[in-house]
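Participant: Build me a model:
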Amino acid sequence: MKKVLVAGSTGYIGRYVVQELKLRGYWVRALVRDTSKIKQAGPHLEPAIAPLVDQIFVGEATKPSSLDGVCDGIDIVFSSLGMTRPDFVHSPFDVDYKANLNLLRIAMKAGVKKFVYVSVYNAHTMMEIQNIQAHEKFVDELRASGIDYAVVRPTGYFSDMAQFLSMARSGIMLTLGDGAKRSNPIHGADLAGVCVDAVEGDGKVVEVGGPETFSYREVAEMAAEVAGKRPFTASLPLWLADGVAAVTGFINRDIQDIAMFASAVSKADSVAPAHGTHRLREFFMEMERGHGR
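Facilitator: Numbering: from 1, shown residues only. Predicted coordinates for the structure are as follows:
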């Protein structure tokens, strides 16, 4: 039985990857910072990992001294570790680059056979964004390491699309540009299947999206319909969005990164090879049922 370390195990993708690994018969060690999260389901319907993992390792990937032994006996490291929102303490380079590099170095010393990492689809078109730079700097380190590896590049997650439901409930739906650009986001469970396929396969780069493609305007309309709301809709011109992003850089670079990423994905289609069976409307409906409890 192969043993896998999952970093980012309490995040949207990590939880589903833990679940998929266990379904396929792997032994799983989860790296966590906060043990209180492991017994709770995630905010976007993802499973609690406490009943699934074989071992919990408490440590912070940004602090190598807390990681002694984290890769001992491990065959494969899977990492979806990354900064998803500003914490005003760490930068994207601290987490997306340095923390993953800490894990990679420990994995190599421990004799780990393979490292699978989740980055971003079409990253090369967004290299002005600090978060993307950090992701890709680590990918460069991974390629140069000599360890067997795979980089999974999803278009976006269903959890990202949940922001449209939140806006619909609030009564104000804000879109960037004309909302015509298209994407095929993927459910965490479907992406987890692709990630574990990457663990088992030989591919070095795996680009992946979900089974349905929507414009951002269509996602906004679907969210409003499922929420049973008729929100006030406002469209922010992309030139103004870029200006707002520039101004936020004087306040906080991490917030600026989020604004720049939102603007970037509103300027070009983001459609990757389709995988999975989960439908966005069904996800919205399940989220809405949970919200009403």
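
Participant: Val151 contacts Ala123, correct?
Facilitator: No - counting by CB atoms under 8 Å, Val151 stays clear of Ala123, with 9.5 Å between them. Heads up, the C-betas are built off the backbone N, CA and C, glycines and all.

Participant: okay, the two: which has more neighbours?
Facilitator: Legend: neighbour count by other CB atoms under 10 Å for Val151 and Ala123, higher for Val151 (23 against 17).

Participant: Bridged to that one, which residues?
Facilitator: Bridge pairing for Val151 (DSSP bridges) gives the partners Tyr117, Val205.

Participant: What segments of the stretch 151-293 of the chain are strands?
Facilitator: 172-176, 182-183, 205-208, 214-215, 232-236 (DSSP state E, counting those that start in this stretch).

Participant: so how far is the fourth one from its chain's centroid?
Facilitator: So the one you mean is strand 214-215. 20 Å (CA atoms, centre = their mean, to the nearest Å).

Participant: cool, the third one as well?
Facilitator: Mean-position distance between strand 205-208 and its chain equals 14 Å (CA atoms, centre = their mean).

Participant: Tell me which other helices or strands it touches.
Facilitator: Secondary-structure packing of strand 205-208 (3 or more CB pairs under 8 Å, 6 or more residues apart in numbering; DSSP states H and E): strand 148-154, helix 188-200.

Participant: Mind listing what's buried along that strand?
Facilitator: Buried residues in strand 205-208, counted by 16 or more other CB atoms under 10 Å: 206-208.

Participant: With respect to Pro51, which of the residues you listed is nearest?
Facilitator: Among those, Val208 lies closest to Pro51 (CB to CB), at 27.3 Å.

Participant: What's the separation between Asp75 and Glu20?
Facilitator: 16 Å (CB to CB, to the nearest Å).

Participant: Show me which of those two is the more surrounded one.
Facilitator: Comparing Asp75 with Glu20 by other CB under 10 Å, the one with more neighbours is Glu20, at 23 against 18.

Participant: distance between whichever strand or helix holds the more buried one and the chain's centre?
Facilitator: Assessed by DSSP states H and E, Glu20 sits inside helix 12-23. Here the centre of helix 12-23 is set off from its chain's centre by 13 Å, with CA atoms, centre = their mean.

Participant: ok so, going back, nearest to Ala272, of the helices and strands packed on strand 205-208?
Facilitator: Across the helices and strands packed on strand 205-208, the minimum distance to Ala272, taken as CB to CB, is reached by strand 148-154, at 7.2 Å.

Participant: And the closest one, what does it pack against?
Facilitator: strand 114-118, helix 130-144, helix 188-200, strand 205-208.
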